[in-house]
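Enquirer: Below is the sequence, then the predicted model.
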Amino acid sequence: MTEDLYALQRRLTAFAAARRWQPYHTPKNLAAALSVEASELLEIFQWLTPEEAAAVMADDGKAHRVKDEVADVLAYLLQFCDVLGIDPLEALSAKIDRNELRFPVSGEGD
């Protein structure tokens, strides 16, 4: 990756500040925007077969749309975390730890 997650988060914060968008970047608004962007990502795959969905990145037009929507989802998630003081990597690590306890690897043949 060319930039780390925190550098991107700082760029997003500076971008919003330069445009005086902070009053609109409330947790509720950012969560709503995140949901909308995730829905736009889902829309790309809505009527595709599993095989078509797996091959979506082979189509330049669809690949561009997927990348843009992934970027939008990540941007709003990083802004949401910034506003609430959540470290996204720490939150993810803690969640993986809890899931490893909740869903232990079963033995062979189980």
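Expert: Cool, the structure landed. Residues are numbered from 1 along each chain as shown.
Enquirer: The lengthiest helix in the chain: which residues count as buried?
Expert: If you go by DSSP state H, the chain has its longest helix at helix 60-84. Burial within helix 60-84, assessed by neighbour count using 16 or more other CB atoms under 10 Å, is assigned to 62, 65-66, 69, 72-83. All C-beta atoms are positioned from the backbone trio N, CA, C, and that covers glycine.
Enquirer: Next, Asp59: phi, psi?
Expert: In terms of degrees, to the nearest 10, the main-chain angles of Asp59 are phi -100, psi 110.
Enquirer: Next, work out how far apart it and Phe45 are.
Expert: Counting by CB to CB, to the nearest Å, the gap from Asp59 to Phe45 is 12 Å.
Enquirer: Then Arg65?
Expert: Using CB to CB, Arg65 is found at 10 Å from Phe45.
Enquirer: who touches the most centrally placed residue in the chain in this structure?
Expert: Central residue of the chain (CA atoms, centre = their mean): Leu74, 3.5 Å from the mean position. The neighbours of Leu74, taking CB atoms under 8 Å, 6 or more residues apart in numbering as the test, are Leu8.
Enquirer: Tell me the confidence at it?
Expert: Predicted confidence (pLDDT) at Leu74: the value is 98.
Enquirer: The one 5 residues further on now?
Expert: pLDDT for Gln79: 97.
Enquirer: before we move on, what about Glu3?
Expert: 73.
Enquirer: List the contacts of it.
Expert: With CB under 8 Å, 6+ apart, Glu3 has these contacts: Arg11.
Enquirer: Quick one: classify it as helix, strand or coil.
Expert: Here Glu3 is coil, with the state taken from DSSP: H, G, I helix; E, B strand; the rest coil.
Enquirer: For Ile86, see how far away it is.
Expert: Counting by CB to CB, the gap from Glu3 to Ile86 is 19 Å.
Enquirer: go on, Arg10?
Expert: Arg10 is 15 Å from Ile86, by CB to CB.
Enquirer: now swap in Arg98 and tell me
Expert: 16 Å.
Enquirer: Can you pick out the residue with more neighbours from those two?
Expert: Ile86 (13 against 10; other CB atoms under 10 Å).
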